[in-house]
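> Sequence and predicted structure are below.
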Amino acid sequence: MTATATPFAPQRPGPLRPLAVRIGAIEWMPKLLPAIVRTDKGLQAATRGRLTILDVAGLPNLMLTTIGRKSGLPRSNPLLCVPDGDRILIAGSYFGGPVEPMWAKNIEANPEVTVRFRNKTTDLVSRRLDGEERAAAWQTMVHTWPNFLKYEQRTDREIKVFELR
């Protein structure tokens, strides 16, 4: 199956992507992440999921819903993503912050997720990538969002990479 024949075909970069890359590279961005996520969720609620902050920036994104590993409740998080053929790649980067995002722990505990991507909701299964698979996926992700390299330098932890199929 070719990348253009799948529902996860890449989108063309938006005109604001260079500005978004510059803003995303700012070292203190991890401190703002909770406020950014709240704002994005509010924007998505107001537009019934038709518009996100990342859409405005011209970046591919999704709303990931996981089941909380302790609570058992659904948890939704807007994420930058990288469509790649018949899968979507996501990274637990948290802007290179010292702690991994809770959603990463949740999908490791329960890999069945729900994704809203391009205003279509789909049930998918996540899988953590390691070794050579992770390295190849990481290069694909860096092509879309060069700041992943900066995030990797900011943290002592290995940023987890997952594929969603």
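Thanks, I have it.
> name the helices or strands packed onto the longest strand along the chain?
Looking only at the chain and at elements set by DSSP state E, the strand with the highest residue count is strand 120-129. Here strand 120-129 touches strand 112-117, strand 161-164, going by 3 or more Cβ pairs under 8 Å, 6 or more residues apart in numbering; DSSP states H and E. Heads up, the C-betas are built off the backbone N, CA and C, glycines and all.
> Would you mind putting the CA coordinates of whichever strand or helix holds L64 into PDB?
If you go by DSSP states H and E, L64 is part of strand 61-67. As requested, the backbone C-alpha atoms of strand 61-67 are provided in PDB (Å, rounded to 0.1, in the frame of the first residue of the first chain):
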ATOM      1  CA  ASN A  61      -1.800  16.200  14.700                       C
ATOM      2  CA  LEU A  62      -4.300  13.900  16.400                       C
ATOM      3  CA  MET A  63      -6.400  13.600  19.500                       C
ATOM      4  CA  LEU A  64      -5.200  10.400  21.300                       C
ATOM      5  CA  THR A  65      -7.600   8.800  23.800                       C
ATOM      6  CA  THR A  66      -6.000   6.200  26.100                       C
ATOM      7  CA  ILE A  67      -7.400   4.400  29.100                       C
END
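> That one vs strand 112-117, what angle?
Using axes from the mean of the first three to the mean of the last three Cα atoms, to 10 degrees, the inter-axis angle of strand 61-67 relative to strand 112-117 is 160 degrees.
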